[in-house]
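> Below are the sequence and a predicted model; questions follow.
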Amino acid sequence: MDLAEMFQDRRSQTMLGGSILFMFLFPIYFTMVPGLVGLDDASSTGPSGKWTVSFTEETLTQTDTTDALSDGDTHEDTFVITEEMIGDNKNLASVTITIECQDQGAVGPGQNNGVDASSDVSGVSGELADQTDGGGCGNGIAASMTWNLIDGYDGQDYEADGTEAEIRSGWMDSDNGRGDWIVELTADVQNDAVGFPPFLSSDDQTYDITWTAVIFEVSMEPVVDIEDPTTA
């Protein structure tokens, strides 16, 4: 029996028409149902509830030592951060630079060498402000600057209510902090030529420059409340 003979009677034709209509309406129905019952948001952002949020940190570090600088000499140092360095599913929390120096040739109190430092973040993505800092070499760290890319980040675990997508979105760096971080330092060197003994005298200074970028990944686990049957 061919198809023409099969669908000659009215009942077969009606069944065929109904089948074709069902083929069109079936996908439309399941497209509309989530919106009709209020499941649109849940399906797009994930389940809502209480979560334990934790962070796994790692650091990128770069350390350089300047040549011996005389008073008024300048030195420029660059720290490059790329998306590949940060990695997939990770975010940049902060960038810190410290400048350290030890003045072994000071001839008296208040006569330590020092440094003045200023940043240039014009080549870094995001709305970041330049900073300046400076100080003496007597205590090791003479200058320090930090940029926090994500407000409120401290690396501590916590609990939160909401959807997974909503909570994760609060810890996104929005691709900020990528680019060339630059600092220029100016040496402040005291003339210690009158020092005694002579081998402690110095009219130059070296500086250790350390860049540290904190990177983190977010982990989330649902909080499950188990009812105690003895108190139920």
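Yes, it's here.
> What's opposite residue 117 in the beta bridge?
As for beta bridges, residue 117 partners with residue 133, residue 185 under DSSP bridges.
> which residues of the chain score low on pLDDT?
Along the chain, segments meeting pLDDT under 70 span 1-45, 104-110, 192-202, 225-232.
> Show me where it has its strands.
Secondary structure of the chain by DSSP state E: the strands cover 48-65, 74-81, 91-101, 114-124, 132-136, 140-148, 158-163, 179-188, 208-222.
> Pick the most buried one from these.
Most buried of these, by mean neighbour count (mean count of other CB atoms under 10 Å): strand 91-101, with a mean of 22. Every C-beta, even on glycine, is put in place using the N, C-alpha and C of the backbone.
> name the helices or strands packed onto that one?
The elements that strand 91-101 packs onto, with contact taken as 3 or more CB pairs under 8 Å, 6 or more residues apart in numbering; DSSP states H and E, are strand 74-81, strand 114-124, strand 140-148, strand 179-188, strand 208-222.
> JSON lines for those strands, including distance to residue 163?
Below are those laid out as JSON lines (distance: least, CB to CB, whole Å):
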{"stretch": "strand 74-81", "distance to residue 163": "30"}
{"stretch": "strand 114-124", "distance to residue 163": "31"}
{"stretch": "strand 140-148", "distance to residue 163": "25"}
{"stretch": "strand 179-188", "distance to residue 163": "32"}
{"stretch": "strand 208-222", "distance to residue 163": "10"}
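> out of the ones you listed, nearest to residue 168?
strand 208-222 (5.8 Å; CB to CB).
> Which of the helices and strands packed on strand 91-101 sits closest to residue 53?
strand 208-222 (5.5 Å).
> out of the helices and strands packed on strand 91-101, nearest to residue 134?
Proximity to residue 134 (CB to CB) singles out strand 114-124 among the helices and strands packed on strand 91-101, at 3.9 Å.
> contacts for that closest one?
In this structure, residues lying in contact with strand 114-124 by CB atoms under 8 Å, 6 or more residues apart in numbering are 81, 97, 99, 101, 128-137, 142-143, 145, 147, 176-188, 205, 207.
> can we see that at 7 Å?
When contacts are defined by CB atoms under 7 Å, 6 or more residues apart in numbering, strand 114-124 is touched by residues 99, 101, 128, 130-137, 142-143, 145, 177-188, 207.
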